[in-house]
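**Student:** turn this into a structure:
(one chain, ligands or ions: 1)
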Amino acid sequence: MEHAFKVDLRGIIDLLSNHLYADPSVFLRELLQNSVDAITAREHLGAAFEPAITALLHRAEGQLPRLEFRDNGVGLTEAEVHEFLATIGRSSKRISEARDTFLGQFGIGLLSCFMVSGEIEVTTQSAAGGPPVRWLAQADGTYTVEILPPQEQLQPGTTVILHAREDTDFYFEYDELRGALLNYGQLLPYPVHVSDGQQYEHVNAVLPPWLAFAAGDISKREEVLAYVKRELDLEAFDVLPLGGEGSKVSGVALILPYSTQSGSRQWHQVYLKRMLLGNDARNLLPEWAFFVRCLINVEGLRPTASREAFYEDDALSAARESLDAQLRAYIEQLAQRDPARLEAFIALHHLPIKALAIENDDFYRLLIHEFTFETSTGRLKLGEYVQREHLIRIVTNLDQFRQIAQIAGAYGHSVINAVYTYDVPLLRKYTGIMGKELEIVDAQSYAMTLENVNTGGLNEFLARANQVLKALGCEVTIKRFAPAALPALLIVTEEQRQLGDIQAAREVADDLFAEFLDEYEQEYQLVRVSQLHLNLDHPLIQELLHVQAPEVFSRLVQMLYVQAHLLSHQPMRSQELGLLGAGLGDMMRWGIQVARQETLN
Ligand SMILES: Nc1ncnc2c1ncn2[C@@H]1O[C@H](COP(=O)(O)OP(=O)(O)OP(=O)(O)O)[C@@H](O)[C@H]1O
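**Tutor:** Residues are numbered from 1 along each chain as shown. Presented below is the predicted three-dimensional model:
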């Protein structure tokens, strides 16, 4: 036996309201869209008429409001009412030859009215003639069809009547209704009016200036920026037109005036055939473009049933590629025409731009020289850096960078501090794309490049100096290096640095934490010592070689150590602070002694 499916309309309404549509106000979008389609269909018949869509609110004392939504479109015959209004999923538009010109196609949109009204009443006069028909549908899935007496003067068109419920009263307030119609219908090609008997408005009388700007009128630029500031509360960094001749997409991209991250919530205004679809263009814009907000109208794409996104098809890919190319072109043009503005743009949005450069070679070539890095010779654009250096030297740890930065300059090197997000992959890519070698530098291997000294005659001196600093875990070497004004350089290994941190923490910790730190410290006891490189080219070191008095010698070596320690930006432990205090005390005492001696003489 063959049976027909039964449909539980309440289940379907629940599905639509809770799972398909973002919020109940979309019933107005669906009504608008049906009216626009009906007017378009009537125009296809070649009829001459003034298209009009009107939303009329009726509010009577003590009663819930009623909305009459009228259009003078093609209307429906009795047979069409049964076929299209009363059959869920059946749409006159899908079977039409002109289906591409219509907004609707799924045959479910009208049901969204049940989200705000217990019944839907449709009165319609077909452009094909015949009597007017009234269709009255209940949310329980029952409906009646009534043939009304023919009226000579009646123009084709359709009126949908909805009755507010207690819980949906809000959507029937004049301001709310006007706002929603403006939101959805601002760009529609047919006039949309709203009235409650006292107030009246032509909702889409004024088109927003971005439409003309997108169509090529660049004189509208300032107007667009002012409009965006007023209506969207956005002081855009820049605005660029999207689309162009023959494009399915036309609109504007607003460059955000603040930094944003890829995960942050994004809004756009996306219109399909000039009807607002929603605020999400996620599948229309390239992923990397999270620093733009778009106001955009799309012509040849298919919406999903919820009408809040587009079908993933070839047309969508083509539109996305075209937007991708236009946003890139904007950045390219900034690079060529307005370097100062590009700099400001990069400063704002460097993270997404760097991410894009890492993944895209063309983009990399275009912008890599524009990125600014901290180097041992100040902040530099990579373009300036590579002109000066024959090798790119990068340091990936901040402490190491500080140590190396002290001496690199004297060797004619500049090193890049590459500790920030994307720096390393971005710079590493340079060799492959631009052909310049890159070296990741660390402080110890860098210290190896200091010039060794024949220590033959200095062994005794080195033994004494090492004896002084042994308790601090520091080994003394003697080298020649530039700058000659730097008497000593302290190089601390990563492990040693952590030990320094642990010891500094241990000194201020309470008992329980101190115990834990003690244990932790044990693990680090075996690590290599730090190294104090004394600079033989420095006059002070030359003199130190001849100092015999043990007390003076120790103090001088300790003070050289403390000075180098300070310059290396290491945390000062109580040992170093103690040495600094005692050393300064001695220096002052000795100075006073010398002064006294001079007075006596
Ligand atoms: N204002 C109207 N004038 C003339 N016909 C209408 C009107 N509103 C609805 N219809 C008819 O009712 C059918 C069903 O409308 P409904 O809004 O449910 O779906 P649709 O517009 O075809 O598709 P979608 O679900 O994508 O909106 C339409 O295909 C159209 O034939």
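**Student:** nearest to the ligand: which residue in the stretch 201-350 of the chain?
**Tutor:** Ala305 (6.8 Å; C-beta to the nearest ligand atom). Quick note: C-beta positions are derived from backbone N, CA and C, even for glycine.
**Student:** helix, strand or coil: sort out that residue for me.
**Tutor:** Secondary structure for Ala305, judged by DSSP: H, G, I helix; E, B strand; the rest coil, is coil.
**Student:** could you verify my assumption that it touches Gly104?
**Tutor:** No: contact criterion C-beta atoms under 8 Å: Ala305 and Gly104 do not qualify, at 10.2 Å.
**Student:** tell me which of those two has more neighbours.
**Tutor:** Set side by side, Ala305 and Gly104 show more neighbours around Gly104, with 21 against 15, by other C-beta atoms under 10 Å.
**Student:** OK, contacts around that one?
**Tutor:** By C-beta atoms under 8 Å, 6 or more residues apart in numbering, the residues touching Gly104 are 30, 33-34, 37, 91, 93.
**Student:** measure it to the ligand for me?
**Tutor:** 2 Å (C-beta to the nearest ligand atom, to the nearest Å).
**Student:** cool, and His163?
**Tutor:** 18 Å.
**Student:** from the chain's centre, how far out does the helix or strand hosting that residue sit?
**Tutor:** Assigned by DSSP states H and E, His163 falls within strand 157-164. Averaging C-alpha positions (C-alpha atoms, centre = their mean, to the nearest Å) puts strand 157-164 43 Å from its chain's average.
**Student:** pairing partners for it, with directions?
**Tutor:** strand 66-71 (antiparallel), strand 117-125 (antiparallel) (DSSP bridges).
**Student:** tell me which of those strands lies nearest to Leu256.
**Tutor:** When the strands paired with strand 157-164 are compared by C-beta to C-beta, strand 66-71 sits nearest Leu256, at 37.1 Å.
**Student:** may I see the buried residues of the closest one?
**Tutor:** 66-71 (16 or more other C-beta atoms under 10 Å).
**Student:** over to stretch 153-165?
**Tutor:** For stretch 153-165, burial by neighbour count (16+ other C-beta under 10 Å) applies to 156-164.
**Student:** what of stretch 269-285?
**Tutor:** By neighbour count on 16+ other C-beta under 10 Å, the buried set for stretch 269-285 is 269-278, 280-281, 283-285.
**Student:** list the contacts of the residue in the stretch 151-300 of the chain positioned nearest to the ligand.
**Tutor:** As assessed by C-beta to the nearest ligand atom, the ligand sits closest to Thr158 within the stretch 151-300 of the chain, at 3.8 Å. Listed by C-beta under 8 Å, 6+ apart, the contact partners of Thr158 are 34-35, 38, 70-71, 73, 75-76, 122-125.
**Student:** could you do Phe49 as well?
**Tutor:** Phe49 neighbours (C-beta under 8 Å, 6+ apart): 42, 72, 155.
**Student:** ok, residues contacting whichever helix or strand Pro352 is part of?
**Tutor:** In this structure, Pro352 is located in helix 339-359 according to DSSP H and E. Helix 339-359 is contacted by residues 237-238, 255-262, 288-291, 331, 334-335, 363-364, 367-368, 370-372, 421-422, 425-426, 429 when judged by C-beta under 8 Å, 6+ apart.
**Student:** using PDB, write out every CA atom in the helix or strand just after that helix.
**Tutor:** Proceeding N to C from helix 339-359, the next assigned helix or strand is helix 361-367, under DSSP H and E. C-alpha atoms of helix 361-367 as PDB (Å, rounded to 0.1, in the frame of the first residue of the first chain):
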ATOM      1  CA  ASP A 361      55.000  34.000  -1.500                       C
ATOM      2  CA  ASP A 362      53.800  36.900  -3.700                       C
ATOM      3  CA  PHE A 363      52.500  38.700  -0.700                       C
ATOM      4  CA  TYR A 364      55.800  38.000   1.100                       C
ATOM      5  CA  ARG A 365      57.800  39.500  -1.700                       C
ATOM      6  CA  LEU A 366      55.600  42.500  -1.700                       C
ATOM      7  CA  LEU A 367      55.700  43.300   2.000                       C
END
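**Student:** packing partners for helix 361-367?
**Tutor:** If you count contacts as 3 or more C-beta pairs under 8 Å, 6 or more residues apart in numbering; DSSP states H and E, helix 361-367 packs onto helix 314-337, helix 339-359, helix 423-434.
**Student:** ok, His538 - contacts?
**Tutor:** Here His538 is in contact with 484-488 (C-beta under 8 Å, 6+ apart).
**Student:** least confident pick among the contacts of Gly104?
**Tutor:** Lowest pLDDT within these is found at Lys93 (76).
**Student:** ok, Gly243 - contacts?
**Tutor:** Counted by C-beta under 8 Å, 6+ apart, Gly243 has contacts 214-215, 249-251.
**Student:** chain neighbours aside, what residue packs nearest to it?
**Tutor:** Leaving out its chain neighbours, the residue that sits closest to Gly243 by C-beta to C-beta, 6 or more residues apart in numbering is Ser250, at 3.3 Å.
**Student:** which residues does the one you found form a beta bridge with?
**Tutor:** In beta-bridge terms (that is, DSSP bridges), Ser250 pairs with Asn297.
**Student:** wait, it sits on Ala212?
**Tutor:** No: using C-beta under 8 Å as the test, Ser250 is too far from Ala212 to be in contact (10.7 Å).
**Student:** those two: who's more crowded?
**Tutor:** Per other C-beta under 10 Å, whichever of Ser250 and Ala212 has more neighbours is Ser250, with 20 against 16.
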